[in-house]
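**Q** What follows is a predicted structure for the sequence shown.
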Amino acid sequence: MQPSVSPPVTALLHAWSAGDSTALDRLVPLVHAELRRLARRYMRRERAGHTLQTTALIHEAYIRLVGAQGVNWENRAHFFGISARVMRQVLVDFARERGYRKRGGGHQRVPLDEALLVAGSPDQDVLAIHEALLALAEVDARKSQAIELRFFGGLSIQEAGVVLGVSPETVKRDCRLAKAWLLRWLTEHETA
Amino acid sequence: MSEQRWACIERIYHAAVELPAGDRDAFIRKEAGDDVELAAEIAALVAYDEQPAAFMQRSAMELAAQALADRQDQVEPEIGSGPIGSYTILGPLGAGGMGDVYLARDGRLARNVALKVLRSGPPDRDWIAAFRQEALAASALNHPNILTIYEIGEHQGTRFIASEHVDGVTLRERLQHGPLPVIELVDVAIQIAEGLAAAHEAGVVHRDIKPDNIMLRTDGLVKILDFGIATKTGPELSPLAPPSPGVDGVVIGTTGYMSPEQSRGLPVDASTDVWSLGIVIYETATGRLPARVTNPDSGLSLLSAPGFDEFTDVTPDLARIISRALSADREARYPTARGMANELRTLRRTLEAQSERGAGIGSKARHHSASRLRRGLQLGAAALVLATAMAYLAGVTGRAGETGAVTSTAVMPLGHAESDETRDPAAFQLYAKGRYHVLKRTPDDLKKGLEYLREAVALDPGYGRAHARLADAYILQAMTSDVAPREAFPHARTAAERALAINPGLSEARVSMGIIKFWFDWDWSGAEAEFRRAIVANEPDPAAHTFYGHLLSNLGDHTAALQQMRRALDSEPHSALTNALFAQCLYYQGHYDESLEHLRKTLDLDPSLWLTHNMMGRIYGLKGMPREALRSFDKATELGGSLVVRAAAGYTLASSGRRVEARAILAELEKRADQGYVPPSNLALVHLGLGEYEQALDRLVEAFEARDMLLTFLTVEPRWAALADRPRFAALLGKIGLRQ
């Protein structure tokens, strides 16, 4: 029963990479819905255990939405890129909602460690990282995206390289500088 | 920061972090030279690199996944997981405000449906009842322009709506390619208005008409979606910016489709849909929404948008219709969509007449739509790129509901084309033009249509649907008596065979083949088999049911004939053609009054179908009302009726004693027969009226030689009964394969 599943997403990916910006608007909800379905299933399956194979999530979403046959690296890269963006947006929305609920409205920072332990530094929160990435994108869009792919999309160095069209070595260097830049930005904006 | 400076930072930074910690500062100062700021900035970054950072060491995926999984706003059906009720999810179709839409398979009826899974709120049993009432009321209208809802239900807490799955694009998506050409726009508007009119007459108001809720099927049929949904779940209010205080006539900018009373939360009636349709037509014509202007005294009222003047010049009638629909005062609008549909229909006839005359405003209009069309053609290339994007929208398309009323389509069935579609935009354009002309059914249009279609299949010989349409056009040529059967049908057969070789399941080609076997080969069982196959492939197939019904009727099986005709009628109750042909079957069974009654209703649906007037004329004639009969025949001729109408008039004149006039018609037909093809049965009919039975039989023998398809009606058409006891007539019937 799968064949009718794959065409829309594959076709939209093609259209988007061919410059049709409306395709992205239609892709995001589809990818979002599939990621949500899978996430829910993963959680059910793995809640009792310990590690969540989260990186497998995007891979599985890809196979389910696009199909395993004729895997096209370019498509896959675009798909991963979109998935990372979706995940980032999910976290941002999540953080905003939590902040909203806690304070009965208004913007409120949500430390990551409270939500779930993600970053080593307790002072950093999702929204701050999101804002820092936006600022970094102004300076160097590729580095901002590299972080998005690695951090929010769970992509490996190699996969991020494919998405960005650069070597794994460059991804490593990009991330290293980007992290330093983000940390500095976060520190400078900490009191805000 | 300049790119150059950033590149510089990057270079020095990466070099520095490779050095032992103690050497870094000196290196940076050396590299930065005099630029102290640069050195400080790099040093700061390097300092952060030295932090024993667990920062971002782990991906946020787990958190994101957790956040996703915890969201309780919707019960998610899983692809390939357990079914929802009897529906198995096949894949996503889209996501909307109310929930996601999936392509699903209904296991009970083995058909694909669009399954909308609604975001669940608090458990609400009343919801289904409340929703059912209005949505089903609309759906129960069974109108071709309203999406049919099959089921509204709940399965383990998941609320869903199963509806007809439409292969096509929404008007919103279509508008992304720019405004529609006027003639096409009017066609779409008529169909929306027709659907709404039917709903309004049943007391149902849509309340949320907008381009997103209008689906353009690949074959040109328009479907209104989401009936009754707006009411029961609350409309997704289009953001209407508050008026800036204290300023008169402030242009608010982009507004939604809601009527003034609706946007103010006042009670609404059918006229709110009229308003929304007005906005939709405006947007479809100009590609823009009209700006709304507030006036502190009168509240909201419509106003102008750039381009409206130009538009008013080109098609003043359309501008007038829009203006009336968009009256701030609802009393001034069309009370229901019916009035709007009627005026749009009149406008279409005017536009068509103008484009034929090619003069005055018409030529301007034509120029206007031609320039749009050119733009459309340029978009053809873009469409090919988009083709893949819309791949899933393509698919098997039925041709149900296709009557003369659907005159145009330019929505390319894009994408992973079915074998009978084309990937070549040029071929598609030719096909669309050809189809447009063919559906008009006049001899000239059929000629033009054939030219386009022949070019389409020359460009793409594998274009099955174009071959099928070509077969259709040749058959129509024979039907309008413009071309002799021996000339038209062999071409029709070749085209139908090609179409079926490309896709044996192409039901329209199957029906064409059935008609060829019925009317040309006089191979009744062969024709029956084709119609049955078409019905199996595409149940319900109104064309197949109709022609099968006529075959059964001509063979004398009236009960079975009516059964088929009723199925055709059930699937397209608003098609004038199907209704007229249904009435024709009643007539052949001798139910004249019933037939006449039905024909009168058919006239209400569409007064411009000549066939209806012709049928009425025949019945009046048999009922001894020649005056009424002749009036009907005149009307039928005026509307483009074929020579058969003249012959029928000749018969009526002759049998009511006006023999001189009848002879004049006979002479007219004979003269035309010298110049081109006139079905010999037409001449026979006038002789019959004049009581010249032997001459009538001579003409019928000629008709036999010419394979005049009207001979298949010899036993059911009551007028021929006068010849029943003549041996030549019986012999002829025997040769045709008919029994008295």
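**A** Cool, got the structure.

**Q** what residue ranges in chain A score low on pLDDT?
**A** Within chain A, the set of residues satisfying pLDDT under 70 comprises A:1-8, A:41-56, A:67-73, A:97-125, A:190-192.

**Q** Show me which parts of stretch B:320-331 are buried, residue by residue.
**A** Of the residues in stretch B:320-331, those with enough neighbours to count as buried (16 or more other Cβ atoms under 10 Å in any protein chain shown) are B:321-328, B:330. (Glycine included, C-beta is placed from N, CA and C.)

**Q** now it, how far from the chain's geometric center?
**A** Taking Cα atoms, centre = their mean, to the nearest Å, the mean C-alpha location of stretch B:320-331 is offset from the chain mean by 26 Å.

**Q** Ok, stretch B:202-217 next?
**A** 14 Å.

**Q** swap in stretch B:326-346?
**A** The chain centre lies 22 Å from the centre of stretch B:326-346; the measure is Cα atoms, centre = their mean.

**Q** which residues sit against that stretch?
**A** Taking contacts as Cβ atoms under 8 Å, 6 or more residues apart in numbering or on different chains, the residues outside stretch B:326-346 that touch it are B:186, B:189-190, B:192-197, B:199-201, B:259-261, B:269-275, B:277-279, B:282, B:290, B:298-302, B:317, B:321, B:324-325.

**Q** Would you agree residue A:79 is in contact with residue A:30?
**A** No: taking Cβ atoms under 8 Å as the definition, residue A:79 is not a contact partner of residue A:30, at 10.6 Å.

**Q** Give me the more crowded residue out of those two.
**A** Set side by side, residue A:79 and residue A:30 show unequal neighbour counts under other Cβ atoms under 10 Å in any protein chain shown, the larger going to residue A:79 at 25 against 22.

**Q** what about the nearest residue in space to the more buried one that is not next to it in sequence, neighbour count?
**A** Once flanking residues are discounted, residue A:79 sits nearest to residue A:62: 5.1 Å by Cβ to Cβ, 6 or more residues apart in numbering or on different chains. The local packing of residue A:62 (other Cβ under 10 Å) involves 21 other residues.

**Q** SS state for residue A:62?
**A** State at residue A:62, reduced to three classes by DSSP: H, G, I helix; E, B strand; the rest coil: helix.

**Q** Touching, it and residue A:78? I think so.
**A** No: taking contacts as Cβ under 8 Å, residue A:62 lies outside contact range of residue A:78: 10.2 Å.

**Q** what are the ranges of the helices in chain A?
**A** In order along the chain, chain A carries the following helices (DSSP state H): A:6-17, A:21-46, A:54-66, A:73-103, A:112-115, A:126-139, A:141-147, A:157-164, A:168-188.

**Q** Can you tell me which of those helices is most buried?
**A** Scoring the helices of chain A by mean neighbour count under mean count of other Cβ atoms under 10 Å in any protein chain shown gives helix A:6-17 as the most buried, with a mean of 23.

**Q** what angle sits between it and helix A:21-46?
**A** If you take axes from the mean of the first three to the mean of the last three Cα atoms, to 10 degrees, helix A:6-17 sits at 130 degrees to helix A:21-46.
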